[in-house]
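# Predicted model, plus sequence, below.
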Amino acid sequence: MMASFGHGTRRHPRSRGRTWSRWGSPLFERSRELGGGPDRATLGIIGVICAVAGFFVLGIILGPVAIVCGWLAMGRTWAGSRPVTAVVAFVLGAIDTLLALVWLAGAATPGNGMLF
């Protein structure tokens, strides 16, 4: 029988070179199985806390953080069921970011005595 050049994995897909996922890193798959990051509920709660804190301090930073946490808690999609905390974090983060941008734009206008 002749040697099979490159066709040896057709009958045995888990042998030599096919032991890992073809599309993703094996470390990523393993970390996802072991719980490598916060789940969606935790991200939603973190986003709500960042959004509420952003109304008082560092809104220009905590607002986008709340938006990202809310988006990740929604599963990076608008379709399907969404947890309430994820939507609240996303909306409050957007409001917080807009208010911070308006405040920065108002502070930068000449003639209001804040610059000089």
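Received the coordinates, thanks. Numbers count the residues shown, from 1 in each chain.

# what number of residues lie near G70?
28 (other C-beta atoms under 10 Å). Quick note: C-beta positions are derived from backbone N, CA and C, even for glycine.

# Please report how far it lies from G47.
Per C-beta to C-beta, to the nearest Å, G70 is found 4 Å from G47.

# any residues in contact with both of these two?
Residues touching both G70 and G47 (C-beta atoms under 8 Å, 6 or more residues apart in numbering): A86, V88, A89, F90, G93.

# these two touch, right, the third one and C69?
Going back to what we said before, that points to A89. Yes - A89 lies in contact with C69 (C-beta atoms under 8 Å); the separation is 5.6 Å.

# and those two? which has more neighbours close in?
A89 (31 against 27).

# Leaving out chain neighbours, which residue sits closest to the more buried one?
G47 (2.7 Å; C-beta to C-beta, 6 or more residues apart in numbering).

# What separation do you get for the one you found and A41?
Using C-beta to C-beta, G47 is found at 11 Å from A41.

# Show me which of those two is the more surrounded one.
A count of neighbours by other C-beta under 10 Å puts G47 above the other of G47 and A41, at 29 against 12.

# Output the host helix or strand of the more buried one as PDB, nothing but the C-alphas.
Using DSSP states H and E, G47 sits in helix 40-54. C-alpha atoms of helix 40-54 as PDB (Å, rounded to 0.1, in the frame of the first residue of the first chain):
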ATOM      1  CA  ARG A  40     -23.800  38.600  30.700                       C
ATOM      2  CA  ALA A  41     -25.600  39.300  34.000                       C
ATOM      3  CA  THR A  42     -22.400  40.500  35.600                       C
ATOM      4  CA  LEU A  43     -21.500  42.700  32.600                       C
ATOM      5  CA  GLY A  44     -25.000  44.300  32.800                       C
ATOM      6  CA  ILE A  45     -24.600  45.100  36.500                       C
ATOM      7  CA  ILE A  46     -21.100  46.500  35.900                       C
ATOM      8  CA  GLY A  47     -22.500  48.600  33.000                       C
ATOM      9  CA  VAL A  48     -25.300  50.000  35.200                       C
ATOM     10  CA  ILE A  49     -22.900  50.900  38.000                       C
ATOM     11  CA  CYS A  50     -20.600  52.600  35.600                       C
ATOM     12  CA  ALA A  51     -23.500  54.600  34.000                       C
ATOM     13  CA  VAL A  52     -24.800  55.800  37.300                       C
ATOM     14  CA  ALA A  53     -21.300  56.700  38.600                       C
ATOM     15  CA  GLY A  54     -20.700  58.500  35.300                       C
END
